[in-house]
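> Task: produce atomic coordinates for the following.
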Amino acid sequence: MDGVESNVKVVESSKRVRHCDGVLRLLGLLLTLVAAIVTGVDKETKTISVSISKTLPTLHVPITAKWKYMSAFVYFLVSNAIAFSYAAASLVASMAVRTSKEKVGIVLVVLDMTIMGLLFSANGAAIAVGVLGQDGNSHVQWKRVCNWFGGFCHQMTAAIILSLVGSLVFFWLVALAILNLHKKSR
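Presented below is the predicted three-dimensional model:
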């Protein structure tokens, strides 16, 4: 009877792992999709008054902050779009392969790690630019811009937080695969 009970536990554990894997992939898909959309629609225009001299009239110049003006934000958006596309494809692949095929599982884990690294690097680049926008850099005379474009900065902050959580989801997918591999090796 002990052999039968342990087999039932393995089947239940396998179903639980597949269920967690599917939920995490769906969560990663949604988080990276929303992060990409929030970034893609982020735009704010302000009119700045510039006076060149006291004798000339003040100029009112419209200035726009947009994600595509900074290469780090472009990288961030593209990375989240790639992660979303991969999450959709891997969700379909993991659902289509009901039996635990070793080769498919290993490919998914390697790709999960790749996407995790891509997202963490994009988040780091976006955060670095965000810190410069928020605080400026007095050593090179870069002024803060978030005091002028607060809405833009808040929306980018929300997108970065969503993407960071998405990165953690891919980290948890890799950790789940490692734990599952460890259980199988016993």
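> mind listing the strands for this structure?
Remark: strands assigned in the chain by DSSP state E are 43-50, 59-66.
> Give me the contact list for the last one.
Looking back up the chat, that one is strand 59-66. 42-52, 145, 148-149, 152 (C-beta atoms under 8 Å, 6 or more residues apart in numbering). (C-beta placed from N, C-alpha, C; glycine too.)
> picking up where we left off before, just tell me which of the strands of the chain ends up closest to residue 27.
Checking those against residue 27 by C-beta to C-beta gives strand 43-50 as the closest, at 27.6 Å.
> Direction included, what does that closest one pair up with?
strand 59-66 (antiparallel) (DSSP bridges).
> which residue is nearest the centroid of this protein?
In the chain, the residue lying closest to the centroid (C-alpha atoms, centre = their mean) is residue 163, at 2.6 Å.
> So that residue sits against residue 34, correct?
No: Residue 163 lies out of contact with residue 34 (C-beta atoms under 8 Å); the separation is 9.1 Å.
> And the pLDDT at the residue of the chain positioned farthest from its centre?
Distance from the centre of the chain peaks at residue 55, with 50.7 Å (C-alpha atoms, centre = their mean). Note for residue 55: predicted pLDDT of 88.
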